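Enquirer: kindly return the folded structure for what I paste below:
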Amino acid sequence: MTGVFPRHAMALALVVLAAVLPIYVWGALLQWDAQLAGQGSTDTWGQVWEYVGAGAAVWLIIASAYVVFWRRVTVWPMITLLAIAPGLVPAVITSLEIANDYRTEYRPVISLGIAIALGAACLGLLHAIRLVTTRPVTHAMIASRLEIPFEADGLNARLCVQHDRLVLDSLLSRWKRSRARVAIPWTTLRSVRLEQVEHDTTWQVLVYNGSEQADALEYDIRPGLAIRIVGTARELLVPVSERDGKTIVAAIESRAANVERDAEPATEEAWRAMAARRRTGALTPWQRVTKEYDRTDYRPYRLLVVIAFLLTPLFTALLIAIGQVTELGDLGMGTGGMIGFGAIGVVFLFLVRSPLGQFRRFIRANEYVEAFPEPSNVRR
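Expert: Sure thing, here's the model as predicted:
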């Protein structure tokens, strides 16, 4: 699987399988529970379909996340985990209920075994999605705009070759990759090469912290192969494996080849203007006083809640329309309800532009301070 389209097709097939499998297992467990209780004629699958239909808005939101992060394939396993949860949670609960209600013979063992096997299968599918979307790294993948992740040898850190920049994240934690993340955009790239580190070395990385003096994080580099990336605003030395070294260099050189370089470094005025854009309307008065927006891992998630609220009427109209052409029900509102919610949704589309614009400005500003952690006239 070397092309981009086959990768996405296979990954989406695995995503669907990962989302459907827990729901199917839950339905089978409900059927088994009904048989054990002597209720063989109970329509348990109808209950499952009602559950799926009631959560249609959730599925639509999750599906839209794949569209938003179409290139950021490293995020796909996390989105898939959200798609798995609505089926996995009731399946595990039903399995535990069967084990508790029928404590005779083999039933507790089987029901608990099903829960464990289902969890293992979901983890396996997540790993398969990660492999399909990121490996092997082929010429077609390098020529595309997909994110390509590489593990730093001997560190928690991860190198991600994106379409417009190189990102080094997870310096402090693999569980919260946004903390202490730095970047070198192709517009500031000066050189990239592999080299052998002869002695134990400590490398320092400057990380934005909302002030003129960036935080300095250090990590140890053992003797061995490392990649040195030199940019206008920062220089990185990251240990890599023999397997990945040449591939990383090839990916960086290919994606940065036709990008025009900035003639001048970022000015202090530009840095201050971009850093100020991280202050959004999502901040509470307390956050403004404590300057919580200066944290490197701060994200204005309240804006997403507002955006979701403003899009709710359109989702509702869509659900009613889907219900009218399927057997899932139309929420009891009919055509009039669909038209009413659709009209409200169109009005709300004009309102959603403000929080959406703020969130996009924050993302652009955050990417800027990841590449330029401090004014250009402060120490390097």
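
Enquirer: which residues of the stretch 51-200 of the chain fall in strands?
Expert: Here the stretch 51-200 of the chain has its strands, by DSSP state E, counting those that start in this stretch, at 148-151, 158-161, 165-169, 182-185, 189-197.

Enquirer: can I get these in CSV including mean pLDDT?
Expert: Below are those laid out as CSV (pLDDT from 0 to 100):
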stretch, mean pLDDT
strand 148-151, 92
strand 158-161, 92
strand 165-169, 91
strand 182-185, 91
strand 189-197, 93
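
Enquirer: pop the domain breakdown of this structure in here.
Expert: Residue ranges for the domains of the chain, per automatic domain parsing: 4-138, 147-256, 266-380.

Enquirer: make TSV out of the ones you listed and add mean neighbour count.
Expert: Glycine gets a C-beta too; all of them are placed from N, C-alpha and C. Formatted as TSV, these follow (neighbours: other CB atoms under 10 Å):
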stretch	mean neighbour count
domain 4-138	16
domain 147-256	17
domain 266-380	16
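
Enquirer: run through the stretch 151-300 of the chain and note the low-pLDDT ranges.
Expert: Flagging of the stretch 151-300 of the chain using pLDDT under 70 yields the residue ranges 173-179, 210-212, 263-265, 281-282, 290, 292-293.

Enquirer: what about the helices in it?
Expert: Under the criterion DSSP state H, counting those that start in this stretch, the stretch 151-300 of the chain contains helices at 242-256, 268-276, 285-290.

Enquirer: again with the stretch 1-150 of the chain
Expert: Under the criterion DSSP H, counting those that start in this stretch, the stretch 1-150 of the chain contains helices at 4-36, 44-54, 56-68, 76-101, 107-134, 139-143.

Enquirer: out of those, which gets nearest to residue 152?
Expert: helix 107-134 (15.2 Å; CB to CB).

Enquirer: so how far is the closest one from its chain's centroid?
Expert: 20 Å (CA atoms, centre = their mean, to the nearest Å).

Enquirer: give me the mean pLDDT for that helix.
Expert: The average pLDDT for helix 107-134 rounds to 91.

Enquirer: what's the distance between residue 339 and residue 320?
Expert: 9 Å (CB to CB, to the nearest Å).

Enquirer: for residue 83, report the pLDDT, please.
Expert: 91.

Enquirer: quick one: it from residue 16, how far?
Expert: Where residue 16 is concerned, residue 83 sits at a distance of 9 Å (CB to CB).

Enquirer: what does residue 155 give?
Expert: In terms of CB to CB, residue 155 sits 35 Å off from residue 16.

Enquirer: before we move on, what about residue 93?
Expert: If you go by CB to CB, the gap between residue 93 and residue 16 works out to 23 Å.

Enquirer: same thing with residue 215?
Expert: Counting by CB to CB, the gap from residue 215 to residue 16 is 43 Å.

Enquirer: same question, residue 216
Expert: Taken as CB to CB, the span from residue 216 to residue 16 is 46 Å.

Enquirer: again, but for residue 96
Expert: 26 Å.

Enquirer: who are the contact partners of the spatially most central residue of the chain?
Expert: By CA atoms, centre = their mean, the chain has its centre lying nearest to residue 75, at 3.0 Å. Counting by CB atoms under 8 Å, 6 or more residues apart in numbering, residue 75 touches residue 69.

Enquirer: over to the one 5 residues further on?
Expert: Residue 80 sits next to 14-15, 18-19, 125-126, 129 when contact means CB under 8 Å, 6+ apart.

Enquirer: could these go into JSON lines alongside distance to residue 227?
Expert: Formatted as JSON lines, these follow (distance: CB to CB, whole Å):
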{"residue": "14", "distance to residue 227": "31"}
{"residue": "15", "distance to residue 227": "32"}
{"residue": "18", "distance to residue 227": "34"}
{"residue": "19", "distance to residue 227": "37"}
{"residue": "125", "distance to residue 227": "32"}
{"residue": "126", "distance to residue 227": "28"}
{"residue": "129", "distance to residue 227": "27"}
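
Enquirer: nearest to residue 273 among the strands of the stretch 51-200 of the chain would be which one?
Expert: strand 182-185 (17.1 Å).

Enquirer: against residue 208, how distant is residue 374?
Expert: 7 Å.

Enquirer: now the common contact residues for the two.
Expert: In contact with both residue 374 and residue 208: residue 214, using CB under 8 Å, 6+ apart.

Enquirer: state the distance from the residue lying closest to residue 220 once chain neighbours are set aside to residue 139.
Expert: Setting aside the residues directly before and after it, residue 220 is nearest to residue 202 in space (CB to CB, 6 or more residues apart in numbering), at 5.7 Å. With the distance defined as CB to CB, residue 202 ends up 36 Å from residue 139.

Enquirer: one more: residue 183?
Expert: Taken as CB to CB, the span from residue 183 to residue 139 is 24 Å.

Enquirer: how about residue 158?
Expert: 22 Å.

Enquirer: go on, residue 91?
Expert: From residue 91 to residue 139 the distance is 42 Å (CB to CB).
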